[in-house]
Structures are given as structure tokens and as C-alpha cells.
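1. next input, structure requested:
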Amino acid sequence: MVGGLSGGAVSREWPEPSRGSVYTTGRSGGLKTLYLDAFAGISGDMMLGVLVDLGAPVDILRDTAHRLGLSEANITATRTERKGIGAAKVHVRVMEREVVRTYAHIKELIEGSDLSPQAKERSQKVFALLAEAESRIHSRNIEQVHFHELGSADTLVDVVGSVVCLEYLGVEELLCSPLPMGTGMIKTSHGVYPVPAPAVTEILRGVPVYSSGIPTEIVTPTGAAIVAALASEFCLLPPMRIQSVGYGAGDRDLEIPNVLRGFLGQRETAARGRTRERRMVFSANIDDMNPEIYPYVMERLFEAGAEDVWLIPIQMKKSRPAVTISVLVPPSSEEEIKEVLFAETKTLGIRIEEVDKEYLDREVMEVSTGFGTIRVKVARREGRPLNVAPEYEDCRRAALRHGVPLKEVYAAAEEAARGLLSGGGLEGKRGPEGK
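-> Numbering: from 1, shown residues only. The predicted structure follows:
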């Protein structure tokens, strides 16, 4: 059902949109997720088309334009096809003559509107990316950046309308596929520029992209800024229960369907009491490195942000003994960890795979034992303690200080923790001072 394709006068009678925190991860339960499959690229009007096709009323866009002082905007949505795929095409037409807005002007327009605080914040985030890109390209102060095409009324509607429609649909998490880049040249207000346009390449710093071979622009600065600012991750389609699919049509007729596809549904996350997060695993097989180097490499990897590092003995071609070094990598440390692997080992390449990491809720508590105070990790599920794990360094220091086997300190700390958690008052019973 395409409930968003509506006409008529501006209406403010639609249901109140969800005010949940958009684009967050790592919480229990299913997240209402919108995954954008940008196989043919993305633009502002394609983004609006997806959201309208998924059920956002066109009246929301008209009202958004009115709130921005663009009451003369004529906004419609029609059904169309691209290579046999039905899609929504959103048209924003405004009679403006040579209106050139600065970044400061656009900020004032958004802040002066009566949009929700969340909509203002997210819209400002998108335009900040556009302004930063223009500032770097043209070597101008960011506040004095002049938007030409990017400051037009339809761009304002594309950006702010997308944010408001995401709120209306109750989207809690926005994900996007890696973005395809076109080739060739394109005419802009500054002259003829290469594709991808300089603004696009600036905006997409750090975002995974690839060459599509399509000889035209398929990712516009507006589309790039929307997903770069609002998507929490660029990835393959994650495990999720798809509830509806929307298609937003682009302008050009390409060899492939020129549509942006959106999957709206519940992303599979951890059950209550557990957290699931997306991680990468980097691995390399090495058969020609001095084994004395591995401990140093592991230290460097942890310093670079690795969450875990492990070694596995393997046998490679020609029966050579070798080692697989694997690293669990958070998104914020990918480049630093790659640098360590290439600089500190003799590998010529690394394997990269995406994994889900799921773990119990945890806390650190201190317990009193006959060997002194020991920190203990406590893992809980729905508030109920399941596992306890004494901190190694605390136990090691206590064992050396008292001249006892390390396992005795571990046993005393575990017993004290379980006694404290159960209310049994068993802490401090084991050790030279509590025998």
C-alpha cells in the first residue's frame, strides 16, 4: 500500500510521529530500522520518494515547506516506473529567481521554524556537512559559504522533509548500503565538474563507496549528505524482519532501474538483558614471522582499539606451520588496526568479515577477601547475576603479595562475589586472614 501518494490542501491532522531516538544502536529489543539499498545511487528526491512510498503523507512535506517559509512550494507525488519497477516520484517546484542562500541564512530558516527540536538538530547536521564540503572546496569561511543549487527551496524540502518523514514513520535506526559512484562530467553553477562531484567526495569521506561504471552522476551532494549525516552505519542488509518496501524514483533513465529501495522493518537485536552490536573481524595467515614478535603485535593492536586478539595455529600449503592472527574490531578503530597489521606483521593482506557481537549486561564490583580487595566482573541477564569473573591483575598482585597459588585467590574472589550477590555474607572467608 502506498499511503503517501496523496494530494489536496495542507493538512495537520496526521498522527503524531514517533519521538524515539533515531539512528541509535545497541539497545535491547527490535529496532524499527530503515535500510536504504542505494544500488542506483541516491538523491534528495529519491529519498523523499522512498519515504512517501513507505507511507509518509505528502501533506507532511507541504507543511514542512510552510514551516520553512516556503508556502509557494508546489509539492506533488506521482506513481512512475523505472525498468518495470513501480516507484514514487516526488516533485518540488518553487518559483524562485536567483535566490542564493548562505549557510548562515539556512541555519536561521531552520532555527526560526516551529519544527520539533529533533527535526531541527538533524536538519542542521545535514546542512553542516554540505557547508563544510563547500567551504573546503572553495576555501571560504563556512559561515560565508554560498549555496547555489544546494540552497534552493527544493533542497531545503528534500533535507528537512526527509528528517520529518523519518520521524513520522517512527524510524529508530537508519542504515545504508555502500554507495556507487558514477563517472563522466556534470555541469554545475561553478562550471563543468568531474563525477563524482567534488562536494560528494568531500561529504563521503570515511564512507564506503565503489565505482558503478554508470556514466553520469548517481549520488548527488544532497543525497550524500542526508545519509552521511543520519545513517548510523553503511553495511550489507543486516538480519531484519521486513515489514514494507518502498521505491523512490530518480530522474534519469539508466541501464538499471533508477530507484532507491528502502526496507522498513524490525532489525534483529539481542533479547532482554543482552546487547548486540555490529563488529568486524580482521584476520591474516602468517607463515614467515618470528613468533617472538606476536606478543608485541598484540599489544599494539589493543592500543589501537582492538576489543580482542587471538592466535590460532594452522597448516598452510606445502605443509608449512603458520598462525592466523584475528582481531575483533570496533567501527571507530578499523583504519588504525589495519595500519598495525600491515606495519607490524609480514602479511600481504587481511580478510575482513562482518559479525554480530552479543554480550550480557555487566558491571564491576569490589569484594573483600582474605587476600585483600579484588575487583570482579558480574554478568547479568534481566538483572539476575549469571557469571562472575575476578580481574586477573588484581588476583595476580594478591597471589604474589601473599605467596599463594593464583587459583586460590580466584576461588576466594568468586566465593566472596557469589556470597555478596546472594546476600549470604560469605565474602572474606578464604585466605590467610580468614581461614
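
2. any idea which helix or strand comes after the helix or strand of the chain at the bottom of the mean pLDDT ranking?
-> Of all the helices and strands that make up the chain, strand 146-147 has the lowest average by mean pLDDT, DSSP states H and E, namely a mean of 60. Once the chain leaves strand 146-147, the next helix or strand it forms, by DSSP states H and E, is helix 153-168.

3. that following helix packs against which elements?
-> Using 3 or more Cβ pairs under 8 Å, 6 or more residues apart in numbering; DSSP states H and E, the elements in contact with helix 153-168 are helix 44-53, helix 58-67, strand 85-93, helix 103-111, helix 117-138, helix 221-230. All C-beta spots, glycine's among them, are computed from the backbone N, C-alpha and C.

4. for the fourth one, which positions count as buried?
-> Buried residues in helix 103-111, counting neighbours by 16 or more other Cβ atoms under 10 Å, are found at 103, 106-107, 109-110.

5. same check on the longest one?
-> Within helix 117-138, the residues that qualify as buried are 118-120, 122-135, 137, counting by 16+ other Cβ under 10 Å.

6. got it, and the third one?
-> Buried positions in strand 85-93, judged by neighbour count with 16+ other Cβ under 10 Å: 87-90, 92.

7. lowest-confidence entry in these?
-> Least confident entry in the buried residues of strand 85-93, by pLDDT: Val92, with 90.

8. right, and that one touches Ala77 too?
-> No. Between Val92 and Ala77 there is no contact under Cβ atoms under 8 Å: 10.0 Å.

9. which residue packs closest to Phe371, ignoring adjacent ones?
-> Ala398 (4.0 Å; Cβ to Cβ, 6 or more residues apart in numbering).

10. contact partners for that neighbour?
-> 369, 371-372, 374, 409 (Cβ atoms under 8 Å, 6 or more residues apart in numbering).

11. wait, which of the residues you listed is closest to Tyr210?
-> Ile374 (50.9 Å; Cβ to Cβ).

12. run a quick neighbour tally on the closest one.
-> 25 (other Cβ atoms under 10 Å).

13. cool, Gly419 as well?
-> By other Cβ under 10 Å, neighbour count at Gly419 equals 16.

14. wait, is it part of a helix?
-> Yes. With DSSP: H, G, I helix; E, B strand; the rest coil as the criterion, Gly419 is assigned to a helix.

15. let's number from 52 now, not from 1
-> All set: I'll call the first residue 52, so the last point we hit is now Gly470.

16. and the gap between it and Gly316?
-> 46 Å (Cβ to Cβ, to the nearest Å).

17. one more: Lys428?
-> Per Cβ to Cβ, Lys428 is found 35 Å from Gly316.

18. quick one, which of these two is more surrounded?
-> Neighbours per residue (other Cβ under 10 Å) separate Lys428 from Gly316, with Gly316 holding more: 17 against 14.

19. can you tell me the SS state at the more buried one?
-> strand.

20. beta partners for it?
-> Thr84, Ile293 (DSSP bridges).

21. among the contacts of Ala449, find me the one that's closest to Ile363.
-> Minimum distance to Ile363 across the contacts of Ala449 is 29.7 Å, recorded for Val460 (Cβ to Cβ).

22. quick check, that closest one in contact with Pro441.
-> Yes. At 7.5 Å, Val460 and Pro441 qualify as touching, with contact defined as Cβ under 8 Å.

23. tell me which of these two has more neighbours.
-> Val460 (27 against 22).

24. and that one, what does it touch?
-> Here Val460 is in contact with 420, 422, 425, 441, 446, 449-450, 453, 482 (criterion: Cβ under 8 Å, 6+ apart).

25. okay, now the domains of the protein?
-> Following automatic domain parsing, one finds the domains of the chain at 82-318, 328-400, 412-473.

26. so where's the stretch 152-301 of the chain shaky on pLDDT?
-> Residues of the stretch 152-301 of the chain that meet the criterion pLDDT under 70 lie in 190, 192, 194-202, 240-241.
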